[in-house]
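The amino acid sequence is not available; the structure is as follows:
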Ligand code: FUL
């Protein structure tokens, strides 16, 4: 017969699993769209347009349309490369600051239609969005509000132009997972800057693409990370941010705040790390020997995805309209590295063991935290132990050097400090310590050989819930 207190403990544990893990506090939580976005984790960015052919980073908007002339555009090759790299989606510069539209927009005279490419009948967005569907990738667009070509830029009418352009874009290419708004706001052809009607743009996007998450310095869907190196710079990354009184661009919060988030921020606006595989955002032949190596990409991955952010990695197509061999090689090797690293989760299907107040022998039980399913979660609820901890029994001695922990963020982000300990002959040894977890945390530490692991929660805003704890030798 079970002791009554243990039965009670088990009942409380299972009844509380998957319920409101945030306890009494009303913490910000992600929308369903943001949850899907968190799951997208890693995707590619394609900067492509006249700059690819003029060898500059910021076009002036005066480039003749014929300059855009990819000789061998192959969006399937882009998508195959993305898949091999392990990306789950792509975002393309539908229009960069030079105003050139990669689709034949009826609201501009500076588009693929005005070029000789495919006799003016080409549409890069059509080809890419269809290729994405064929390859099972999510599709997103970057539509620069800054436009150095449009004659109405710098006048109130330009906001109508932007709304029309956005409407066209959001209704012509199927479902989008992300809409990217750059913070840059310079002068247009008449020397004036634009006051953007972002409120109107946001409402339109929410109506036409309700599943898309909007990126900008301050969201509302996800935020810029404060650097263009793709890095969360410290262990701390809160998905919450205060935006009151801030604006996109120069009026944004400090880069440090964007990097760490606000611990008690009012809104769920998680970080997206953007970085290019090359020094520039657009393709430049002279950078062919400066492509980041698989090891450099892996390091970026650990400092972005591994710290609870999403990673958008820019891979600029070349003048043929293909991903350059150098970039493909690096991406494929990186994809293999990530795949191999997380192939064997040593904790999957193992059990939690816990000592209750009235038993001496630790009892083992199934846990949703170890079931290999990110969609199930469970509270860490060991009321007789302080600090709260979770003990995992790997069944036999295993060699490992990394742990992946996922907080059940549907209920908010709670954990403020935790450590990982392993069982040694004479007791528990701390091998890693960190602060926030959020969507996921990858922690590496010197190789250990042991059977038992303990996750100790030192500080949390409430009873924390984890959806997964994974153990690897990477
Ligand atoms: C910046 C832009 O000005 C760059 O050209 C690039 O698009 C990058 C992703 O964002 O703010």
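Thanks, I have the structure now. The structure displayed is predicted, hence computed values, not measured ones.

got a list of what the closest residue to residue 265 other than its chain neighbours touches?
The shortest distance from residue 265 to any non-neighbouring residue, by Cβ to Cβ, 6 or more residues apart in numbering, is to residue 240 (3.3 Å). For glycine as for every other residue, the C-beta is placed from the backbone atoms N, C-alpha and C. The contact partners of residue 240, taken as Cβ atoms under 8 Å, 6 or more residues apart in numbering, are 27-28, 261-269, 413.

hmm, 10 Å instead?
Residues in contact with residue 240 (Cβ atoms under 10 Å, 6 or more residues apart in numbering) are 27-29, 261-270, 412-413, 438.

Repeat that for residue 121.
Residues touching residue 121, when contacts are defined by Cβ under 10 Å, 6+ apart, comprise 104, 112-113.

want to try TSV for these, with neighbour count, secondary structure and pLDDT as columns?
TSV is the format used below for those (neighbours: other Cβ atoms under 10 Å; DSSP: H, G, I helix; E, B strand; the rest coil; pLDDT from 0 to 100):
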residue	neighbour count	secondary structure	pLDDT
104	18	coil	98
112	24	helix	98
113	20	helix	98
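
Pipe the residues you listed into a markdown table and attach distance to the ligand per row.
Conversion of the contacts of residue 121 to a markdown table gives the following (distance: Cβ to the nearest ligand atom, whole Å):
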| residue | distance to the ligand |
| --- | --- |
| 104 | 22 |
| 112 | 19 |
| 113 | 23 |
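
Need the three-state assignment for the closest residue to residue 50 other than its chain neighbours.
Ranked by Cβ to Cβ, 6+ apart and with sequence neighbours excluded, the top spatial neighbour of residue 50 is residue 63, at 4.4 Å. With DSSP: H, G, I helix; E, B strand; the rest coil as the basis, the three-state label of residue 63 is coil.

can you count the residues close to residue 63?
Close neighbours of residue 63, defined as other Cβ atoms under 10 Å, add up to 21.

give me every residue that touches the closest residue to the ligand within the stretch 51-200 of the chain.
Relative to the ligand, the nearest point of the stretch 51-200 of the chain is residue 184 (4.2 Å; Cβ to the nearest ligand atom). Counting by Cβ under 10 Å, 6+ apart, residue 184 touches 58, 96-97, 144-146, 248-249.

Show me where the stretch 51-200 of the chain has its helices.
Shown for the stretch 51-200 of the chain, the helices assigned by DSSP state H, counting those that start in this stretch span residues 75-85, 124-135, 156-172, 198-208.

Residue 437 is in contact with residue 413, correct?
Yes: distance between residue 413 and residue 437: 7.6 Å, which falls inside the contact criterion (Cβ atoms under 10 Å).

and for those two, which residues touch both?
Contact with both residue 413 and residue 437 is made by residues 237, 308, 407, 460, 464, according to Cβ under 10 Å, 6+ apart.

State whether the first one and residue 409 are indeed in contact, as I suppose.
In this case it means residue 237. No: under the criterion of Cβ under 10 Å, residue 237 makes no contact with residue 409, lying 11.8 Å away.

Overlap of the contact sets of those two?
When contacts are counted by Cβ under 10 Å, 6+ apart, residue 237 and residue 409 are jointly contacted by 270, 308, 437-439.

Dump those residues to JSON lines, plus pLDDT.
Rendered in JSON lines, the data for the shared contacts of residue 237 and residue 409 read as follows (pLDDT from 0 to 100):
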{"residue": "270", "pLDDT": "98"}
{"residue": "308", "pLDDT": "98"}
{"residue": "437", "pLDDT": "98"}
{"residue": "438", "pLDDT": "98"}
{"residue": "439", "pLDDT": "98"}
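
Which SSE is immediately downstream of the strand or helix carrying residue 332?
When elements are assigned from DSSP states H and E, residue 332 belongs to helix 325-341. Tracing the chain C-terminally past helix 325-341 and defining elements by DSSP H and E, one meets strand 351-354 next.

Could you list the paired strands of that next one along with their orientation?
Strand 351-354 sits in its sheet next to strand 363-365 (antiparallel), strand 389-407 (antiparallel), going by DSSP bridges.

Least confident of those strands, on average?
Comparing mean pLDDT across those, the weakest is strand 363-365, with a mean of 82.

tell me the centre residue of the chain?
Averaging the C-alpha coordinates of the chain gives a centre point, and the residue nearest to it by Cα atoms, centre = their mean is residue 310 (1.5 Å).

From the contacts of residue 240, which land in strands?
The subset of the contacts of residue 240 located in strands under the criterion DSSP state E comprises 267-268.

I'd like the contacts of residue 121 as TSV, with distance to residue 157 appended.
Conversion of the contacts of residue 121 to TSV gives the following (distance: Cβ to Cβ, whole Å):
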residue	distance to residue 157
104	21
112	24
113	22
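
buried set for stretch 305-322?
With burial defined by 16 or more other Cβ atoms under 10 Å, the residues of stretch 305-322 counted as buried are 305-319, 321-322.

can it be found next to the ligand?
No: contact between stretch 305-322 and the ligand, assessed by Cβ under 6 Å from any ligand atom, is absent, since the two come no nearer than 6.8 Å.

Nice, that's everything, thank you.
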